[in-house]
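In: okay, structure incoming, though there's no sequence with it:
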DNA sequence: TTGAAAGCGGTACCAG
DNA sequence: CTGGTACCGCTTTCAA
């Protein structure tokens, strides 16, 4: 009925608890020696009872848990899942488990998650932070306590970090659109749309791109929105209803871009003939949309694996200076971007 | 440097460990009484040291971990993430955490995951099983040990389960397609495409649907495939290259359906004019595809929440008979299904 | 070759 | 009102 303990095994085998421990951990051949016969008896008892050592007790004793905490901002974006998949697969190979938390884009919950994660004896912590500044304190004490800690994507100092090239990606996107001839370019971005720095990184790249061809930023072409497809959709509609709508829209991630694409479809405009769309992440579905999405590819799984490797590295070498792994991204030009058609049309009517 | 322990707090406050424990757990007002002054001192010390009770030790003591294990078949299908999101959100409200494991559709790993999950003192276990039969043994001992356990989707006996209506959904899909006039209907399904029973449930519904209008199943219109979009794509191509291709294709889930849609696009056929497509799950993206996907809506988050509620229910009332929660699904007709065009054309050429 | 016993960090009972 | 202490299940040193 109840889980058998080491004690039960010992009793059944007629030995002491220590002996059971030795047998299980195969210390048989090192400094202790157990008779083959005794070992057999113990094994028998283990099988008979279906005994499995209690991981909690082992953790208390050993100080390790074979568990790494992972905090993602939002459970609804495939991009984060891909990162999680990378983390999980890398951890699996080492026999570690993932304790998954979602911040649901709420600063309170983000803070709370980090706190509960630290209360457990996690062997490492991988964070995809949205509200970095609020956590400075927590992170510092974690570093102080020498808890392996890796961030993903956020710019940070004196912490291990796996980063990718959102900024360079944004530059490439702007270059691409400008070369196609676009001059009225809209931007849909948002806080939840991830790592705040990169969000603004992209905003900066956007501004600078326009500047490079002598254009000022037209704030009326910028929409700041949430994280759901639906919010992307609404932002898209709002941009399309602009009196002088853009001929291209940059969207901060593929999820939101799907919403924007839908808005475009609904207005019966054609992509990319009437309007071009480009975004970031290259989630798996991106290539399968109709038309396939032009987007900045980010190897999310690799990002997750890289962060995990940083954790293991630090577990083994706690005194290393802060490490950084760079996972480069690159623009993939698919079917949602093309030359602008001047004069562009709205609702199918030439202006 | 190191995490402070209760002992450290006690020393700093000049009290015993017990007192610290009392203060922390607010037992102050029940059967023990602590001077306001002492409590203050302890609080001070706690803050000063940044003390946080060690969850592992608490678990060992209390026998509970405030953690629920969740096993999903595959990290790449948004449907599972939606379920996971439901689980996570429901758990959050109770202050529980998720230990996430992925079986990667590998029976070995599935078994192994269940094993490591049981070694930890999880308070409950939610399983999305692919290879149910292999785990019978494990599951039985879990039930024996009175470990709260809930399955999702799989048909099972004497275990708590949250199920949904894949079968009824499949019937509705067949009805829909037949009513539209389709007679050559293809099927793309696969093991990884989840819960095996439901997979065959759908196959059965498919057969019976055809039978109901006096048609025999044409096995050459059935493709058994894996779980990735790409495999769906290939299955789609293969069906389209059939000498007498179907006028409609039922796909076992939206992921695979995206692949099939791509195949259709690539052959320059129109959806739904040349070919209709219907599938299952209604992942968030489904409504945003072009055209929007006709699919059997399953409230995946609710499925996850329902399973979680079953866990809590059983934690509180261990002696309840096996519970079952039914989360109904329903067909959502969107833009990928329409009347067949006879004679149907392939590659745009009328036959 | 095996067993006794000391912790790991808390909790909660009992005595004072 | 507070402190001592046994125990949760396991590991590992030390002694037998």
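Out: Received it, and whenever you're ready, just let me know what you need. In this text, all values refer to a predicted model and were calculated from it rather than measured experimentally. Residues are numbered from 1 along each chain as shown, chains lettered A, B, ... in the order given.
In: for the closest residue in space to residue A:3 that isn't next to it in sequence, grab phi and psi.
Out: With sequence-adjacent residues excluded and distances taken as Cβ to Cβ, 6 or more residues apart in numbering or on different chains, residue A:3 is closest to residue B:145, at 5.6 Å. Any C-beta I mention is one placed from the backbone N, CA and C, and that applies to glycine too. Phi and psi for residue B:145, reported as degrees, to the nearest 10, are phi -80, psi 0.
In: what about residue B:145, neighbour count?
Out: 14 (other Cβ atoms under 10 Å in any protein chain shown).
In: what do you get for residue A:119?
Out: Residue A:119: 16 neighbours (other Cβ under 10 Å).
In: grab the nearest non-local neighbour of it.
Out: Setting aside the residues directly before and after it, residue A:119 is nearest to residue B:55 in space (Cβ to Cβ, 6+ apart), at 4.6 Å.
In: wait, doesn't the one you found sit right on residue A:122?
Out: No. Counting by Cβ atoms under 8 Å, residue B:55 does not reach residue A:122; the two are 9.4 Å apart.
In: ok, those two, which is more surrounded?
Out: Higher neighbour count among residue B:55 and residue A:122: residue A:122, with 26 against 22, using other Cβ under 10 Å.
In: residue contacts, the more buried one?
Out: Each residue near residue A:122 by Cβ atoms under 8 Å, 6 or more residues apart in numbering or on different chains is listed here: A:65, A:67-69, A:99, A:147.
In: one more: residue A:182?
Out: A:246-248, A:276, A:340.
In: ok so, going back, from the contacts of residue A:122, which is closest to residue A:241?
Out: residue A:69 (43.7 Å; Cβ to Cβ).
In: the closest one contacts residue A:126, doesn't it?
Out: Yes. Between residue A:69 and residue A:126 a contact is recorded at 7.0 Å, counting by Cβ under 8 Å.
In: more neighbours: those two, which one.
Out: residue A:126 (28 against 24).
In: I'd assumed residue A:72 was in contact with that one.
Out: No. With contact defined as Cβ under 8 Å, residue A:126 does not reach residue A:72; the gap is 9.1 Å.
In: please enumerate the helices of chain A.
Out: Assigned by DSSP state H, chain A shows helices spanning A:6-13, A:17-24, A:36-49, A:55-62, A:78-93, A:107-119, A:132-144, A:166-180, A:196-212, A:229-240, A:254-266, A:300-316.
In: residue A:269 contacts residue A:275, doesn't it?
Out: Yes. With contact defined as Cβ under 8 Å, residue A:269 counts as touching residue A:275 (5.6 Å).
In: confidence score at residue A:90?
Out: pLDDT, residue A:90: 97.
In: shared neighbours of residue A:269 and residue A:275, which are they?
Out: In contact with both residue A:269 and residue A:275: residue A:240, using Cβ under 8 Å, 6+ apart.
In: looking only at neighbour counts, state which of the two leads.
Out: residue A:275 (31 against 19).
In: tell me the confidence at that one?
Out: 97.
In: repeat for the one 3 residues further on
Out: Confidence at residue A:278, expressed as pLDDT, is 98.
In: please apply the same query to residue A:31.
Out: Residue A:31 is given a pLDDT of 67.
In: ok, residue A:78 touching residue A:284?
Out: Yes. Using Cβ under 8 Å, residue A:78 makes contact with residue A:284 at a distance of 6.5 Å.
In: of the two, who's got more company?
Out: Under the criterion of other Cβ under 10 Å, the comparison of residue A:78 against residue A:284 puts residue A:78 first, with 24 against 21.
In: so who does the more buried one touch?
Out: So, once contact is read as Cβ under 8 Å, 6+ apart, residue A:78 ends up touching A:254-255, A:283-285, B:78, B:81.
In: how about 10 Å then?
Out: Each residue near residue A:78 by Cβ atoms under 10 Å, 6 or more residues apart in numbering or on different chains is listed here: A:85, A:253-255, A:281, A:283-286, A:300, B:76-78, B:81, B:283-285.
In: can you pull the residues that touch both of residue A:78 and residue A:284?
Out: In contact with both residue A:78 and residue A:284: A:254, A:300, B:76-78, using Cβ under 10 Å, 6+ apart.
In: weed out the non-buried ones from those residues.
Out: Buried by 16 or more other Cβ atoms under 10 Å in any protein chain shown: A:254, A:300, B:76-78, out of these.
In: report the two of these separated the most.
Out: A:254 and B:77 (16.5 Å).
In: check what pLDDT the nearest residue to residue A:287 once chain neighbours are set aside gets.
Out: Of all residues beyond its chain neighbours, the one nearest residue A:287 is residue A:334 (6.7 Å), with distances taken as Cβ to Cβ, 6+ apart. At residue A:334, the model reports a pLDDT of 97.
In: correct me, but residue A:334 touches residue A:257?
Out: No. Residue A:334 is beyond contact range of residue A:257, at 11.4 Å (criterion: Cβ atoms under 10 Å).
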